[in-house]
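Enquirer: could you work out the structure for the sequence below:
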Amino acid sequence: MKKYIFEVLITLKNGILDPQGLATQKVLKRMNYPIDNVKFGKLITFEIDAEDIKKAEDLANEITYNSLINPVLENYELKMLREIEI
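Expert: Numbering: from 1, shown residues only. Below you'll find the model as predicted:
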């Protein structure tokens, strides 16, 4: 059995209003920073115990899609950071 450490970056889909991003952008523009398209997201890390990388990736995708994101509003990028022998 191995432990796999994953990272998930969750962002809003294109066309979905990001009030936090817009508010931050307005403040930064008032401070004369040349900035556009500020977007906020979430970065989540978690560990999974699995027999192999394929099973770990399948489970990580299932967990992310079913529990961590709203698939109507959000996209995600899943990345395996490292593998640890246990």
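
Enquirer: so where do the strands sit in this structure?
Expert: All strands of the chain, identified by DSSP state E, fall at 2-12, 41-50, 74-85.

Enquirer: can I get those in JSON lines with distance to residue 68?
Expert: C-betas here are computed from N, CA, C, even on glycine. Below are the strands of the chain laid out as JSON lines (distance: least, CB to CB, whole Å):
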{"stretch": "strand 2-12", "distance to residue 68": "6"}
{"stretch": "strand 41-50", "distance to residue 68": "6"}
{"stretch": "strand 74-85", "distance to residue 68": "7"}
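
Enquirer: the residue nearest to residue 59 when sequence neighbours are not counted pairs with what?
Expert: Residue nearest to residue 59 in three dimensions, not counting chain neighbours: residue 48, with 5.5 Å by CB to CB, 6 or more residues apart in numbering. Residue 48 forms beta bridges with residue 4, as assigned by DSSP bridges.

Enquirer: how many residues are close by residue 48?
Expert: Residue 48 is flanked by 17 other residues according to other CB atoms under 10 Å.

Enquirer: picking that back up, looking at the strands of the chain, which is buried most?
Expert: Ranked by mean neighbour count, the strands of the chain are led by strand 2-12 with a mean of 17 (mean count of other CB atoms under 10 Å).

Enquirer: tell me the helices and strands packed up against that strand.
Expert: Under the contact criterion of 3 or more CB pairs under 8 Å, 6 or more residues apart in numbering; DSSP states H and E, strand 2-12 touches strand 41-50, helix 53-63, strand 74-85.

Enquirer: just the angle between that strand and strand 74-85, please?
Expert: 160 degrees (axes from the mean of the first three to the mean of the last three CA atoms, to 10 degrees).
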